[in-house]
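A.B. asks: Quick one: sequence and predicted model below, then my questions.
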Amino acid sequence: MLFYPAALPLSAQTLTYAAGVIRRHRKKIGSAWRKLNPGRQALLVLAYLRKGDTFAELAAGFGIGTATAWRYVTETTALLAARAPKLRQALTSAKKAGHAYVVIDGTLTPIDRVAADRPFCSGKHRRHGMNLQVIASPGGDILWVSGPLPGAVHDLTAARIWGIIRELAAAGLIVLADKGYHGAGDPVLTPYRGRNKPASQKEANRAHAQLRSPGERANAQLKTWRILRKLRCCPGKAGQLAKAIHVLQARETEG
């Protein structure tokens, strides 16, 4: 096997944060000696999430077994995901931050086809995947990420399953969404639908799109972490991975 140096486009503060999470966890559980120190384990996990390298590739590069690489990644992503804000907490923070509105949008995390693949096939995207709901600030910062649902689940249905509409209404926040959320009711604002719309509705739709588009960059931020471009693990892990990435992405934007 050949080896080569490679760059990881992340900041040192993100590595330091992840290493700190691992170090505190090891101390809490009284972990015995491990082959990789917290800093190296953190680097391995960041490479997995950001670059999408396989466990075999990472194991070879870090001089450990494939099973050990899997355990390190599984442990760390669970620790990071546990630090992601809950929905009510995220909306309360958005309210305190003085955001004029928030943006909700669904994203599909592609997966390998599975035996019972029909529930995972998204008609909108014409591919198999998991539906994740993302709430973002007007500037595109990720505020909250939902758990995963099969790709065939409609965005509005997913929002209702996770209780998002109810929590948004309770928080008193204005919410901008695309046509996939039509029928959600207050406080979700969606574009006008139909052909031959009057000029006033067309102008309203343009203004709506202009306000919503920066917020939709949150999904693009998630997909810069290549592990979410196509999952090779259990589809049910999509939410945990996305939540872990949310925590790490917040560290990146802090700098």
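C.D. replies: The structure has been received and is ready for your questions. Note that the coordinates shown come from a computational prediction; the quantities given were computed from them, not determined experimentally.
A.B. asks: Pull the distance from the helix or strand of the chain with the lowest mean pLDDT to the chain's centre.
C.D. replies: One helix or strand of the chain scores below all others by mean pLDDT, DSSP states H and E: strand 121-122, with a mean of 74. Taking Cα atoms, centre = their mean, to the nearest Å, one finds strand 121-122 lying 19 Å from the centre of the chain it belongs to.
A.B. asks: Which positions in the helix or strand just after it come out as buried?
C.D. replies: Using DSSP states H and E, the helix or strand that follows strand 121-122 in sequence is strand 127-136. Going by neighbour count (16 or more other Cβ atoms under 10 Å), the buried part of strand 127-136 is 128-136. Just so you know, the C-beta spots here come from the backbone N, C-alpha and C atoms, and that holds for glycine as well.
A.B. asks: Could you export those residues as CSV, including distance to Y48 and pLDDT?
C.D. replies: Shown next, in CSV, are the buried residues of strand 127-136 (distance: Cβ to Cβ, whole Å; pLDDT from 0 to 100):
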residue, distance to Y48, pLDDT
H128, 22, 85
G129, 19, 89
M130, 18, 92
N131, 23, 94
L132, 19, 96
Q133, 24, 96
V134, 21, 96
I135, 25, 96
A136, 24, 95
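A.B. asks: and which of those residues is nearest L173?
C.D. replies: For the buried residues of strand 127-136, the closest approach to L173 (Cβ to Cβ) belongs to I135, at 9.3 Å.
A.B. asks: List the residues that contact that closest one.
C.D. replies: Residues in contact with I135 (Cβ atoms under 8 Å, 6 or more residues apart in numbering) are 87, 90-91, 94, 102-104, 142-145, 164, 218.
A.B. asks: quick one on the thing from earlier: the least confident helix or strand of the chain pairs with which strands, and in what direction?
C.D. replies: Sheet pairing for strand 121-122, assigned by DSSP bridges, gives strand 127-136 (antiparallel).
A.B. asks: P214 is in what secondary structure piece?
C.D. replies: helix 199-215.
A.B. asks: Ok, E75 next?
C.D. replies: Per DSSP H and E, E75 falls inside helix 66-81.
A.B. asks: Who are the packing partners of whatever helix or strand comes next after that helix?
C.D. replies: Going down the chain from helix 66-81, the next helix or strand is helix 87-96, by DSSP H and E. Secondary-structure packing of helix 87-96 (3 or more Cβ pairs under 8 Å, 6 or more residues apart in numbering; DSSP states H and E): strand 127-136, strand 142-145, helix 164-171.
A.B. asks: Of all the ones you listed, which one comes closest to T77?
C.D. replies: That would be strand 142-145 among the helices and strands packed on helix 87-96, by Cβ to Cβ, at 13.0 Å.
A.B. asks: hang on, P235 packs against F120?
C.D. replies: Yes. Counting by Cβ atoms under 8 Å, F120 is a contact partner of P235 at 6.6 Å.
A.B. asks: Comparing the two, which shows the higher neighbour count?
C.D. replies: F120 (23 against 20; other Cβ atoms under 10 Å).
A.B. asks: Contact partners for that one?
C.D. replies: 111, 113-114, 128-130, 150-152, 235.
A.B. asks: go with 6 Å
C.D. replies: Contact analysis of F120 by Cβ atoms under 6 Å, 6 or more residues apart in numbering lists 128, 150-151.
A.B. asks: likewise A12?
C.D. replies: By Cβ under 6 Å, 6+ apart, A12 lies in contact with nothing.
A.B. asks: Next one, pLDDT for it please.
C.D. replies: In this prediction, A12 carries a pLDDT score of 95.
A.B. asks: any idea how far it lies from V21?
C.D. replies: In this structure, A12 and V21 are 15 Å apart, going by Cβ to Cβ, to the nearest Å.
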